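Asker: Quick one, what's the 3D model for this:
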Amino acid sequence: MFKRSIKWILPFAILGVAGGGYFLVQKTAPEVETEKTLDTTPRVKTQILQAQTHQVQISSFGEVVPLERTALSTQVSGEVTSWHPNFVSGGVVKRGEVLFTIEKDDYQAAVLQAQAELAQAQATLIEERAKAKVAERQAKKIKDTQVSDLYLRIPQVLSAEARVKSAQAGCAVLIVTLKIPKWKRHTMR
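Answerer: Numbers count the residues shown, from 1 in each chain. Down below sits the predicted model:
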(Lines give C-alpha, C1' and ligand atoms only; values in the text may rest on other atoms or scores of the structure.)
Protein backbone atom coordinates (compact mmCIF):
# COMPACT_ATOMS: atom_id res chain seq x y z
CA MET A 1 0.00 0.00 0.00
CA PHE A 2 2.89 2.29 0.66
CA LYS A 3 3.83 1.94 -2.96
CA ARG A 4 0.41 2.91 -4.02
CA SER A 5 0.32 5.99 -1.87
CA ILE A 6 3.76 7.06 -3.09
CA LYS A 7 2.46 6.95 -6.63
CA TRP A 8 -0.21 9.42 -5.58
CA ILE A 9 1.77 11.59 -3.24
CA LEU A 10 4.96 11.88 -5.28
CA PRO A 11 3.46 13.94 -8.13
CA PHE A 12 1.84 16.32 -5.62
CA ALA A 13 5.09 16.61 -3.71
CA ILE A 14 6.98 17.44 -6.92
CA LEU A 15 4.36 20.04 -7.77
CA GLY A 16 4.61 21.50 -4.25
CA VAL A 17 8.43 21.71 -4.41
CA ALA A 18 8.23 23.29 -7.89
CA GLY A 19 5.63 25.80 -6.68
CA GLY A 20 7.78 26.66 -3.66
CA GLY A 21 10.85 27.10 -5.89
CA TYR A 22 8.91 29.42 -8.21
CA PHE A 23 7.67 31.46 -5.25
CA LEU A 24 11.24 31.73 -3.89
CA VAL A 25 12.62 32.84 -7.28
CA GLN A 26 9.89 35.46 -7.60
CA LYS A 27 10.65 36.95 -4.20
CA THR A 28 14.40 37.12 -4.72
CA ALA A 29 14.32 38.40 -8.35
CA PRO A 30 15.23 42.08 -8.99
CA GLU A 31 12.36 44.42 -9.67
CA VAL A 32 11.69 45.16 -13.31
CA GLU A 33 10.96 48.77 -14.02
CA THR A 34 7.84 49.29 -16.01
CA GLU A 35 8.20 51.57 -19.01
CA LYS A 36 6.21 54.72 -19.01
CA THR A 37 4.02 55.05 -22.07
CA LEU A 38 4.71 58.16 -24.13
CA ASP A 39 1.91 60.31 -25.47
CA THR A 40 2.45 60.31 -29.25
CA THR A 41 -0.52 62.49 -30.08
CA PRO A 42 0.74 65.31 -32.37
CA ARG A 43 0.42 68.83 -31.03
CA VAL A 44 -0.59 71.44 -33.63
CA LYS A 45 -0.34 75.19 -33.24
CA THR A 46 -2.05 77.34 -35.86
CA GLN A 47 -1.25 80.88 -36.84
CA ILE A 48 -2.75 83.31 -39.39
CA LEU A 49 -0.10 84.42 -41.93
CA GLN A 50 0.18 87.72 -43.80
CA ALA A 51 2.19 88.53 -46.92
CA GLN A 52 5.41 90.47 -46.39
CA THR A 53 8.24 91.58 -48.64
CA HIS A 54 11.54 89.89 -48.05
CA GLN A 55 14.82 90.68 -49.79
CA VAL A 56 17.00 87.67 -50.49
CA GLN A 57 20.75 88.21 -50.86
CA ILE A 58 22.73 85.62 -52.75
CA SER A 59 26.51 85.66 -52.90
CA SER A 60 28.13 83.70 -55.68
CA PHE A 61 31.21 83.48 -57.84
CA GLY A 62 31.38 82.85 -61.57
CA GLU A 63 31.70 84.32 -65.01
CA VAL A 64 28.88 86.24 -66.69
CA VAL A 65 28.57 85.18 -70.32
CA PRO A 66 26.25 86.98 -72.75
CA LEU A 67 23.38 85.03 -74.21
CA GLU A 68 24.12 86.42 -77.65
CA ARG A 69 27.20 87.86 -79.34
CA THR A 70 26.98 90.07 -82.39
CA ALA A 71 29.69 90.72 -84.95
CA LEU A 72 29.44 94.17 -86.48
CA SER A 73 30.93 95.42 -89.74
CA THR A 74 30.30 98.39 -91.98
CA GLN A 75 29.82 98.52 -95.72
CA VAL A 76 32.12 101.54 -96.04
CA SER A 77 35.30 102.67 -94.37
CA GLY A 78 35.87 106.05 -92.79
CA GLU A 79 36.28 107.93 -89.56
CA VAL A 80 33.57 107.40 -86.94
CA THR A 81 32.11 110.80 -85.99
CA SER A 82 29.58 109.83 -83.30
CA TRP A 83 28.63 106.84 -81.14
CA HIS A 84 25.39 105.75 -79.51
CA PRO A 85 25.76 106.17 -75.71
CA ASN A 86 24.82 102.52 -75.07
CA PHE A 87 27.21 101.19 -77.74
CA VAL A 88 29.65 99.79 -75.16
CA SER A 89 30.51 96.32 -73.94
CA GLY A 90 27.40 94.96 -72.24
CA GLY A 91 25.26 97.88 -73.46
CA VAL A 92 21.73 97.33 -74.73
CA VAL A 93 20.48 98.96 -77.90
CA LYS A 94 17.15 98.52 -79.59
CA ARG A 95 16.64 97.36 -83.15
CA GLY A 96 16.82 100.24 -85.61
CA GLU A 97 18.88 102.58 -83.40
CA VAL A 98 21.90 104.23 -85.04
CA LEU A 99 25.01 102.79 -83.41
CA PHE A 100 27.52 105.16 -84.98
CA THR A 101 27.92 107.49 -87.93
CA ILE A 102 30.84 107.59 -90.34
CA GLU A 103 32.15 110.75 -91.94
CA LYS A 104 30.74 111.05 -95.48
CA ASP A 105 33.66 112.94 -96.99
CA ASP A 106 35.84 109.84 -97.35
CA TYR A 107 33.39 107.80 -99.35
CA GLN A 108 32.07 110.80 -101.31
CA ALA A 109 35.66 111.26 -102.44
CA ALA A 110 35.79 107.54 -103.24
CA VAL A 111 32.69 107.97 -105.46
CA LEU A 112 34.33 110.83 -107.33
CA GLN A 113 37.49 108.77 -107.77
CA ALA A 114 35.46 105.81 -109.06
CA GLN A 115 33.66 108.10 -111.51
CA ALA A 116 37.02 109.40 -112.73
CA GLU A 117 38.25 105.81 -113.20
CA LEU A 118 35.07 105.06 -115.16
CA ALA A 119 35.62 108.06 -117.42
CA GLN A 120 39.24 107.01 -117.98
CA ALA A 121 38.16 103.43 -118.78
CA GLN A 122 35.57 104.75 -121.26
CA ALA A 123 38.21 106.94 -122.92
CA THR A 124 40.56 103.96 -123.21
CA LEU A 125 37.71 101.91 -124.75
CA ILE A 126 37.03 104.63 -127.35
CA GLU A 127 40.74 104.76 -128.16
CA GLU A 128 41.01 100.97 -128.52
CA ARG A 129 37.94 100.83 -130.79
CA ALA A 130 39.44 103.54 -132.97
CA LYS A 131 42.74 101.63 -133.18
CA ALA A 132 40.78 98.47 -134.03
CA LYS A 133 39.03 100.26 -136.93
CA VAL A 134 42.38 101.49 -138.24
CA ALA A 135 43.79 97.97 -138.00
CA GLU A 136 40.74 96.59 -139.83
CA ARG A 137 41.20 99.08 -142.69
CA GLN A 138 44.88 98.23 -142.94
CA ALA A 139 44.07 94.52 -142.91
CA LYS A 140 41.82 94.97 -145.98
CA LYS A 141 44.76 96.47 -147.86
CA ILE A 142 46.99 93.50 -147.03
CA LYS A 143 46.48 90.69 -149.49
CA ASP A 144 47.40 87.06 -149.26
CA THR A 145 48.13 87.14 -145.52
CA GLN A 146 46.09 85.87 -142.73
CA VAL A 147 45.31 88.64 -140.21
CA SER A 148 45.25 87.63 -136.52
CA ASP A 149 42.89 88.85 -133.78
CA LEU A 150 45.85 90.48 -132.08
CA TYR A 151 46.57 92.51 -135.21
CA LEU A 152 42.89 93.58 -135.29
CA ARG A 153 43.22 94.59 -131.56
CA ILE A 154 40.25 92.44 -130.49
CA PRO A 155 41.82 91.41 -127.11
CA GLN A 156 42.65 95.05 -126.32
CA VAL A 157 39.04 96.12 -127.06
CA LEU A 158 37.65 93.31 -124.89
CA SER A 159 40.02 94.26 -122.06
CA ALA A 160 38.96 97.93 -122.29
CA GLU A 161 35.28 96.90 -122.25
CA ALA A 162 35.91 94.79 -119.12
CA ARG A 163 37.63 97.75 -117.40
CA VAL A 164 34.60 99.94 -118.20
CA LYS A 165 32.20 97.36 -116.71
CA SER A 166 34.37 97.01 -113.61
CA ALA A 167 34.51 100.78 -113.14
CA GLN A 168 30.72 101.02 -113.63
CA ALA A 169 30.17 98.35 -110.97
CA GLY A 170 32.51 100.12 -108.55
CA CYS A 171 30.65 103.41 -109.10
CA ALA A 172 27.27 101.75 -108.66
CA VAL A 173 28.27 100.15 -105.35
CA LEU A 174 29.59 103.42 -103.95
CA ILE A 175 26.57 105.41 -105.13
CA VAL A 176 24.16 102.89 -103.63
CA THR A 177 26.12 103.02 -100.36
CA LEU A 178 25.79 106.81 -100.29
CA LYS A 179 22.03 106.55 -100.82
CA ILE A 180 21.48 104.08 -97.93
CA PRO A 181 19.56 105.97 -95.23
CA LYS A 182 21.56 106.71 -92.07
CA TRP A 183 19.31 104.54 -89.88
CA LYS A 184 19.89 101.49 -92.08
CA ARG A 185 23.59 102.00 -92.63
CA HIS A 186 24.99 101.07 -89.20
CA THR A 187 22.26 99.40 -87.19
CA MET A 188 22.08 96.09 -85.34
CA ARG A 189 20.50 93.30 -87.37
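
Asker: just the strands in this protein please.
Answerer: Listed from the start of the chain, the chain has strands (DSSP state E) covering 80-83, 100-102.

Asker: Mean neighbour count, those strands: which tops it?
Answerer: Neighbour counts averaged per stretch over the strands of the chain are highest for strand 100-102, at a mean of 17; criterion: mean count of other Cβ atoms under 10 Å. No exception for glycine: its C-beta is placed from N, CA and C like everyone else's.

Asker: and the strands of the chain as CSV, adding distance to Val32 and mean pLDDT?
Answerer: Written out in CSV, the entries for the strands of the chain read as follows (distance: least, Cβ to Cβ, whole Å; pLDDT from 0 to 100):
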stretch, distance to Val32, mean pLDDT
strand 80-83, 93, 86
strand 100-102, 95, 83
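
Asker: Just send those back as a markdown table, with distance to Leu174 too.
Answerer: Output for the strands of the chain, formatted as a markdown table (distance: least, Cβ to Cβ, whole Å):
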| stretch | distance to Leu174 |
| --- | --- |
| strand 80-83 | 19 |
| strand 100-102 | 13 |
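
Asker: nearest to Glu63, of those?
Answerer: Of all the strands of the chain, it is strand 80-83 that lies closest to Glu63, at 26.9 Å by Cβ to Cβ.

Asker: chain center to the closest one: distance?
Answerer: Between the centre of strand 80-83 and the centre of its chain there are 27 Å (Cα atoms, centre = their mean, to the nearest Å).

Asker: Strand partners (parallel or antiparallel) of that strand?
Answerer: Applying DSSP bridges, strand 80-83 is found paired with strand 100-102 (antiparallel).

Asker: from the chain's centre, how far out does the strand it pairs with sit?
Answerer: The answer for strand 100-102 is 26 Å, by Cα atoms, centre = their mean.

Asker: Could you do stretch 32-45 as well?
Answerer: Mean-position distance between stretch 32-45 and its chain equals 63 Å (Cα atoms, centre = their mean).

Asker: re earlier: quick one: closest of the strands of the chain to Ala29.
Answerer: Go through the strands of the chain one by one with Cβ to Cβ and the one that ends up closest to Ala29 is strand 80-83, at 99.8 Å.

Asker: list the helices and strands the longest helix seen in the chain packs on?
Answerer: Longest helix of the chain, by residue count under DSSP state H: helix 104-141. In this structure, helix 104-141 makes packing contacts with helix 154-179, judged by 3 or more Cβ pairs under 8 Å, 6 or more residues apart in numbering; DSSP states H and E.

Asker: buried residues in the helix it packs on?
Answerer: Of the residues in helix 154-179, those buried under the neighbour-count criterion (16 or more other Cβ atoms under 10 Å) are 156-157, 160-161, 163-164, 167-168, 170-171, 174.
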